[in-house]
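> any chance you can model this:
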Amino acid sequence: MTLSKTCDGVKRRDFLKAGVLGGASINLATYLKMADAGQVNENAKAKSAIFINLTGGPTHMDTFDLKPNAPEEYRGDFKPIKTNVAGIEISEHLPKLAQSMDKFTILRGVTHTLGAHRLGQEYVTTGNRPLPALEFPGLGAVVTKERPGELDLPSFVAVPNTNMKGGYLGVKYNPLNTGATPRAGQPFSVRGLTLGNGLTVADVEKRQRLLKGLDTELRSVEADNELLAGLDRFGKEAHAMITSKRARNAFDISKESPDFAKKYGETPFGQSALLATRLVESGVRFVTLTYGGWDTHRDNWNRLETRQLPPFDEGLSALFTGLEEKGLLDSTTVYVTGEFGRTPKINTERVGRDHYPRCMFMLMAGGGIKGGRVLGESDDKGTLPVDEGYSPDSVAASFFHSLGIDHTTEYQTTTGRPVMITRHGEVIEELFA
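Take a look at the predicted model:
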């Protein structure tokens with residue numbers, strides 16, 4: 001998946017790289033620090049989640065909220081087409097999603113006021129409006145804290161990377177960034193999990209015994225040191241994951257049947273969606289996919305038609321149908337969003353649309369969320385929501401609700417300040433009705 005650079009110069013890079021086991025240090029152990037589970041509603045349908053981050057800000061007017069009757073300077077070049085749900089229409093360049101409309105819900109009229117890429121990203125990936133003095137944990141960090149996975153599997157995986165971090169919860173809730181996207185039919189190597197350069201499991205075991213010997217010597221010097229005890233615990237987790245056949249198999253998309261994998265296509269986004277399906281099937285709690293390139297100030301319609309929408313249409317529709325075929329859609333919440341929408345009025349000089357947070361779309365599916373619906377509405381030109389619209393806070397609260405996590409739960413920052421998971425917003429009950 002190509003990493004893209006938005007108009008304000010923000011690059012989507014890895015914020016954490018899990019290192020290869022080597023010598024007497026285990027860099028992966030830093031990533032693997034895990035806290036005890038929080039309180040969750042075990043009756044919730046969703047056990048895992050997939051978050052798809054459309055960085056750059058996709059236009060709502062040319063995808064899921066077309067306005068064919070708006071004046072020419074607003075409506076754009078694309079035409080709406082019917083979906084497999086009566087009365088719902090989306091862009092003509094999303095034909096496969098149109099035929100899987102019954103599996104997801106469109107939220108229209110989502111609104112906020114942060115028109116800069118970085119701030120908008122922080123808002124939608126945390127569910128909290130950014131504050132200069134506090135770094136909020138990303139959605140994946142909260143899910144990792146509340147629903148930790150098995151010892152030999154990562155709980156939070158980002159393909160290929162994400163701007164989500166542990167925030168005030170600490171680096172122990174940061175993700176495992178794959179650093180790359182899979183290729184069709186090929187085993188996927190993940191740095192820190194794949195044993196490369198001639199390294200074998202026997203080598204890892206030998207180094208683990210060396211580490212145990214060092215730990216014994218250190219304990220004899222400082223028997224009560226909590227840091228050493230913690231390092232020992234996280235070292236064991238790193239060892240368990242690296243030597244786990246289950247963990248390596250979880251990332252190996254070449255093990256999927258050709259018939260099942262075919263519908264995902266061969267694009268980086270489609271293959272990443274296939275990997276996400278396999279990871280949640282294996283027990284990974286939270287997977288995020290980053291698909292950039294939506295910052296279409298210039299040449300909007302050509303870029304959408306030829307580059308952005310075909311892989312998105314193919315990969316996302318396959319994700320919905322693939323999860324359903326494996327019996328995982330009910331137990332997996334899927335959340336798709338960019339950081340904002342784009343201006344309803346066309347920038348004729350650049351044949352594009354500019355940043356516009358006051359009206360945008362989001363998609364949600366699975367985890368008790370009923371598909372085949374449109375919730376919310378924008379006005380006749382797509383400029384503002386009708387009524388109050390939905391805030392990113394409320395969508396995040398609903399996302400957590402689908403996973404049995406109470407968004408009003410309070411955490412404490414490193415300074416002892418109590419902060420709710422999502423400070424504002426309410427669960428959108430209609431999503432689950």
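> any low-confidence regions in the stretch 51-200 of the chain?
Within the stretch 51-200 of the chain, the segments meeting pLDDT under 70 span 191-200.
> please, where are all the helices along the stretch 51-200 of the chain?
For the stretch 51-200 of the chain, helices defined by DSSP state H, counting those that start in this stretch occupy the ranges 72-75, 95-98, 117-126, 139-146.
> how about these in CSV, adding mean neighbour count and distance to residue 81?
Glycine gets a C-beta too; all of them are placed from N, C-alpha and C. Below are those laid out as CSV (neighbours: other CB atoms under 10 Å; distance: least, CB to CB, whole Å):
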stretch, mean neighbour count, distance to residue 81
helix 72-75, 14, 15
helix 95-98, 20, 6
helix 117-126, 23, 27
helix 139-146, 26, 32
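> out of those, which is closest to residue 331?
Residue 331 lies closest to helix 139-146 among the helices of the stretch 51-200 of the chain, at 13.4 Å (CB to CB).
> looking at the helices of the stretch 51-200 of the chain, which is nearest to residue 253?
helix 95-98 (19.8 Å).
> tell me what the closest one is packed against?
strand 80-82, helix 309-325 (3 or more CB pairs under 8 Å, 6 or more residues apart in numbering; DSSP states H and E).
> which of the ones you listed sits most buried?
Comparing the helices and strands packed on helix 95-98 by mean neighbour count (mean count of other CB atoms under 10 Å), helix 309-325 comes out on top with a mean of 23.
> ok, residue 263 - contacts?
The contact partners of residue 263, by CB atoms under 8 Å, 6 or more residues apart in numbering, come to 314, 317-318, 321-322.
> nearest to residue 109, out of the helices and strands packed on helix 95-98?
Smallest distance to residue 109 across the helices and strands packed on helix 95-98 (CB to CB): 17.1 Å, for strand 80-82.
> contacts for that closest one next, please.
Around strand 80-82, the neighbours that count as contacts under CB under 8 Å, 6+ apart are 66, 68, 88-92, 94-95, 98.
> which one of the contacts of residue 263 sits closest to residue 250?
residue 322 (15.3 Å).
> one step back: just put the helices and strands packed on helix 95-98 in TSV and tack on distance to residue 290.
Shown next, in TSV, are those (distance: least, CB to CB, whole Å):
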stretch	distance to residue 290
strand 80-82	28
helix 309-325	13
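> residue ranges for the strands of the stretch 201-350 of the chain, please.
Assigned by DSSP state E, counting those that start in this stretch, the stretch 201-350 of the chain shows strands spanning 286-290, 332-337, 341-342.
> looking at the ones you listed, which is closest to residue 146?
Of all the strands of the stretch 201-350 of the chain, strand 286-290 comes closest under CB to CB, at 10.2 Å.
> chain center to that closest one, what's the gap?
On the basis of CA atoms, centre = their mean, to the nearest Å, strand 286-290 sits 3 Å off its chain's mean C-alpha point.
> tell me the mean pLDDT for it?
Taken as a whole, strand 286-290 has a mean pLDDT of 98.
> isn't residue 356 right up against residue 344?
Yes - between residue 356 and residue 344 there is a contact under CB atoms under 8 Å: 7.0 Å.
> quick one, which of the two is more surrounded?
residue 344 (27 against 21; other CB atoms under 10 Å).
> which ones are touching the closest residue to residue 370 other than its chain neighbours?
Nearest non-adjacent residue to residue 370, counting by CB to CB, 6 or more residues apart in numbering: residue 105, 6.7 Å away. Applying CB under 8 Å, 6+ apart, we find residue 105 in contact with 363-365, 369-375, 431.
> any idea how far the residue nearest to residue 53 when sequence neighbours are not counted lies from residue 140?
Excluding the flanking residues, the one nearest residue 53 by CB to CB, 6+ apart is residue 290, at 4.9 Å. Distance, residue 290 to residue 140, using CB to CB, to the nearest Å: 12 Å.
> do the same with residue 55
In terms of CB to CB, residue 55 sits 15 Å off from residue 140.
> then residue 380?
37 Å.
> and what of residue 280?
Using CB to CB, residue 280 is found at 13 Å from residue 140.
> can you check residue 162 too?
In terms of CB to CB, residue 162 sits 7 Å off from residue 140.
> what's the answer for residue 75, then?
Taking CB to CB, one finds residue 75 at 37 Å from residue 140.
> same deal with residue 49?
Taken as CB to CB, the span from residue 49 to residue 140 is 8 Å.
> any residues in contact with both of these two?
With CB under 8 Å, 6+ apart as the test, residue 49 and residue 140 both reach residue 286.
> skip the chain neighbours and tell me the closest residue to residue 51.
Closest to residue 51 by CB to CB, 6+ apart is residue 288, at 4.3 Å.
> bridging residues for the one you found?
residue 51, residue 158 (DSSP bridges).
> what is the burial count for it?
Count around residue 288 with other CB under 10 Å applied: 26.
> same thing with residue 423?
Neighbours of residue 423 under the rule other CB under 10 Å: 15.
> and for residue 388?
Residues within reach of residue 388, counting by other CB under 10 Å, total 10.
> mind putting the helices of the stretch 51-200 of the chain into CSV with distance to residue 419?
Shown next, in CSV, are the helices of the stretch 51-200 of the chain (distance: least, CB to CB, whole Å):
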stretch, distance to residue 419
helix 72-75, 40
helix 95-98, 37
helix 117-126, 11
helix 139-146, 11
